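In: Only the shape, not the letters, is given here:
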């Protein structure tokens, strides 16, 4: 029984309060991006972005713990922490690719996929304790997803056609009737 208790109670390199703070910050930042996607009714929203961000943070924390774990200090161990970053990046890219849909010559879900990818990067930043990077990346992401989205539509940068009966369609009909009349 003591062996079992020792197995679940061994100390970590990173204090638990720091681990908890990093995971909570990843939750908060993932929620910020996910909320924007959820609000716009996109396929991957609040929960998905939180989970991606927290998972990436967890992998980053585990990397720190593995690098400092006594069981891996033998001469035969070859640890490369960047492999975890690569694995997280590949895993998140795989998930993000799942929300991208290409039909009839149009791509849908690309921004949501990119949002998942940045959520993974923000999670890694949180997990590694790089708070400043996580905060700034979150702020930039929210600016891109929110402000630039609005600007893009106001300036009609995408050249999307408006449905019949829209303001632009009505203006075009009015101009055509004036030209005829």
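Out: Arrived safely, thanks for sending. Just so it is clear, the model here is predicted, and its values are computed rather than measured. Numbering: from 1, shown residues only.

In: okay, and the helix or strand of the protein with the least pLDDT?
Out: Scoring the helices and strands of the chain by mean pLDDT, DSSP states H and E places helix 167-180 at the bottom, with a mean of 47.

In: Would you agree residue 133 is in contact with residue 125?
Out: Yes - using Cβ atoms under 8 Å, residue 133 is in contact with residue 125, at 4.4 Å. Quick note: C-beta positions are derived from backbone N, CA and C, even for glycine.

In: any idea how far residue 53 is from the residue most central in space within the chain?
Out: Residue closest to the average C-alpha location in the chain (Cα atoms, centre = their mean): residue 119, at 2.0 Å. The gap separating residue 119 from residue 53 is 4 Å, by Cβ to Cβ, to the nearest Å.

In: what is in contact with these two at once?
Out: 29-30, 33 (Cβ atoms under 8 Å, 6 or more residues apart in numbering).

In: Between those residues, identify the one with the most neighbours.
Out: Neighbour counts for the shared contacts of residue 119 and residue 53, by other Cβ atoms under 10 Å, peak at residue 30, which reaches 31 neighbours.

In: and it, what is it in contact with?
Out: Neighbouring residues of residue 30 by Cβ under 8 Å, 6+ apart: 49-54, 119, 122-123.

In: Please identify which of those residues is nearest to residue 37.
Out: residue 49 (6.4 Å; Cβ to Cβ).

In: follow-up on the earlier one: residue 133 and residue 125 - which one has more neighbours?
Out: residue 125 (26 against 15).

In: Understood, closing this out.
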